[in-house]
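Visitor: Make a model of this:
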Amino acid sequence: MEHDHRQFSKESWLRVVWSPLYEVDIGPHVDGIGDRACLDILDKHLPQILGPAPDLVIYLAGADPFREDLLGGLGLSKAGLRERDRLVFEECRAAGARVAVTLAGGYACDTDDTVAIHGVTVEEALGDFRARGDQPCTDRASPI
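Guide: I've put the predicted structure just below:
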């Protein structure tokens, strides 16, 4: 199926592109998908996506799949979003891939929910950093 990536679609959050090697498009029937179905999809496809052992994964950690998001409509709980993050970091670590995280989206009725979801992503990223045995950069003169 040919995709016009310039067009916004609510279900595109579940499209995973490892271009040109791998693309999964779950399709238009994901409204209210919930935690278990989403995590099952990730669990099934992440090992295949990471199979080519990438050096770097850019993870767009969106908060809009949250069930109380005004635009997302996908029905994930905060616990489900935490598990999503943990699963992504764990699979990337197992594949030997570094992860760059971008926080994205989040239009919950209560802004505190969006902030909390992004905070959990940072917590999970820090946990992954520690699990890898990485040390913070101590040379302040080095450019980042």
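
Visitor: buried sites along stretch 124-135?
Guide: Using 16 or more other CB atoms under 10 Å as the test for burial, stretch 124-135 gives Glu124, Ala125, Asp128. Heads up, the C-betas are built off the backbone N, CA and C, glycines and all.

Visitor: My guess is the first one contacts Arg82. True?
Guide: Looking back up the chat, that one is Glu124. Yes: using CB atoms under 8 Å, Glu124 makes contact with Arg82 at a distance of 6.6 Å.

Visitor: which ones are touching Ala97?
Guide: With contact set as CB atoms under 8 Å, 6 or more residues apart in numbering, Ala97 has these partners: Leu50, Ala53, Pro54, Asp55, Leu56, Val57.

Visitor: mind checking which helix or strand the residue nearest to the spatial centre of the chain is in?
Guide: Central residue of the chain (CA atoms, centre = their mean): Ala61, 3.9 Å from the mean position. Using DSSP states H and E, Ala61 sits within strand 56-62.

Visitor: List of residues touching that strand?
Guide: 13, 50, 72, 85, 88-89, 92, 97-106, 118, 121.
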